[in-house]
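Colleague: have a look at this prediction, sequence included:
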Amino acid sequence: MDHSKNGFVSLQQAKNIVGDLKQSDLVKNKMGENNEVTPTIAVSDIVADGEIYFKLITTYYYVSEELQMLVAELKDNNNTTVEFTEKLWEYDENTDKFSHEKYFNGRLTVEREEDNGYGKPENIAEFQDIQVTPFGPGELHTCTASGSCCQFQGVTYNHCGANCGDHESAGGGGHINNCDACCETHDDCLQGRSNDDRCYCDENLNYCFSINSCPGDSIMGAGIRAAAAVAACDYEQYW
């Protein structure tokens, strides 16, 4: 993935750019039809080899200190949804922990307890590195730059990112979380393969991201989809 460009938008602006957004059952169930929470929304162009392959719409609901929800919808150039991720952080006073759930394309893939929620919009990984100028969208996330490892919430990945990992010029070493381990396995898989023969590796990495929840996993997953699109991977077969 060469780069992503991002800008904050209103719900109507997002619809003007990408059409109707898929409704989240998670958000509906937690907040009901009528709610007064205005979500923070960003639309990103996912670019590879100078071509836009996808748009990632990230919608974040900070309801309170005890309830947060994030929805990430990835659309292709036909405005067809190809990935739909929903995440929940909800405080449980009985355990004094936050219940964290992740749904990938409607299937519960992560369910665990965490000490903290996901914080206010300006502090979450998906929005933290967005630089919007008065004249238009800015660059999104350092992991999209050549030779850089992904950085989210002040944490630098060792294996996720362009030219990052044990076999590349940046990063390497032990993995920092499950998603970093996914990237390490992906890098090992790619060794000795041509770009035309990377589909199996990309399939496994995409699946690995889907069953783990880490800062920036939707953004990194979108980048892998774009790389797979450049390699003309068969989406019907692999996803």
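Modeller: Yes, it's here. Numbers count the residues shown, from 1 in each chain.

Colleague: toward the C-terminus, what is the element adjacent to the longest strand seen in the chain?
Modeller: As far as residue count goes, and with DSSP state E defining each element, the longest strand of the chain is strand 51-64. For strand 51-64, the succeeding helix or strand toward the C-terminus, using DSSP states H and E, is strand 67-76.

Colleague: next helix or strand past the helix or strand bottoming out on mean pLDDT in the chain?
Modeller: Across the helices and strands of the chain, mean confidence by mean pLDDT, DSSP states H and E is lowest for strand 138-139: a mean of 40. Next in sequence after strand 138-139, counting helices and strands by DSSP H and E, comes strand 151-152.

Colleague: name the strands paired with that next one and say parallel or antiparallel.
Modeller: As defined by DSSP bridges, the strand partners of strand 151-152 come to strand 155-156 (antiparallel).

Colleague: average pLDDT for the helix or strand following the partner strand, rounded please.
Modeller: Downstream of strand 155-156, the next assigned helix or strand under DSSP H and E is helix 178-190. Per-residue pLDDT over helix 178-190 has a mean of 95.

Colleague: ok, stretch 32-39 next?
Modeller: Averaged across stretch 32-39, pLDDT comes to 78.

Colleague: now swap in stretch 42-50 and tell me
Modeller: Stretch 42-50 carries an average pLDDT of 82.

Colleague: swap in stretch 53-68?
Modeller: Rounded to a whole number, the mean pLDDT of stretch 53-68 is 94.

Colleague: Val155: neighbour count?
Modeller: Val155 is flanked by 14 other residues according to other CB atoms under 10 Å. Quick note: C-beta positions are derived from backbone N, CA and C, even for glycine.

Colleague: show the pLDDT at it.
Modeller: Reading off the confidence values, Val155 has pLDDT 76.

Colleague: check the secondary structure at the residue in the chain sticking out farthest from the centre for me.
Modeller: Of all residues in the chain, Asn94 sits farthest from the chain's C-alpha centroid, using CA atoms, centre = their mean; the distance is 30.7 Å. Reducing the assignment to helix, strand or coil with DSSP: H, G, I helix; E, B strand; the rest coil, the entry for Asn94 is coil.

Colleague: for it, give its distance to Val63.
Modeller: Note on Asn94: its distance to Val63, by CB to CB, to the nearest Å, is 19 Å.

Colleague: could you do Asp187 as well?
Modeller: Distance of Asp187 to Val63, computed by CB to CB: 38 Å.

Colleague: extract the C-alpha trace of stretch 189-203 and format it as CSV.
Modeller: Once side chains and other backbone atoms are set aside, the C-alpha atoms of stretch 189-203 remain, and they are given as CSV (Å, rounded to 0.1, in the frame of the first residue of the first chain):
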residue,chain,number,x,y,z
CYS,A,189,5.2,-16.7,4.0
LEU,A,190,6.2,-14.1,1.4
GLN,A,191,9.8,-15.2,1.3
GLY,A,192,10.7,-16.7,-2.1
ARG,A,193,7.3,-15.9,-3.6
SER,A,194,6.7,-13.5,-6.5
ASN,A,195,4.1,-10.8,-6.2
ASP,A,196,1.8,-12.9,-8.4
ASP,A,197,2.1,-15.8,-5.9
ARG,A,198,1.3,-13.9,-2.7
CYS,A,199,-2.4,-14.6,-2.5
TYR,A,200,-2.2,-17.5,-0.1
CYS,A,201,-0.1,-15.4,2.3
ASP,A,202,-2.5,-12.4,2.0
GLU,A,203,-5.5,-14.7,2.6
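
Colleague: quick one: buried residues of it?
Modeller: Cys189, Leu190, Arg198, Cys199, Cys201, Asp202, Glu203 (16 or more other CB atoms under 10 Å).

Colleague: right, I'll call it a day here.
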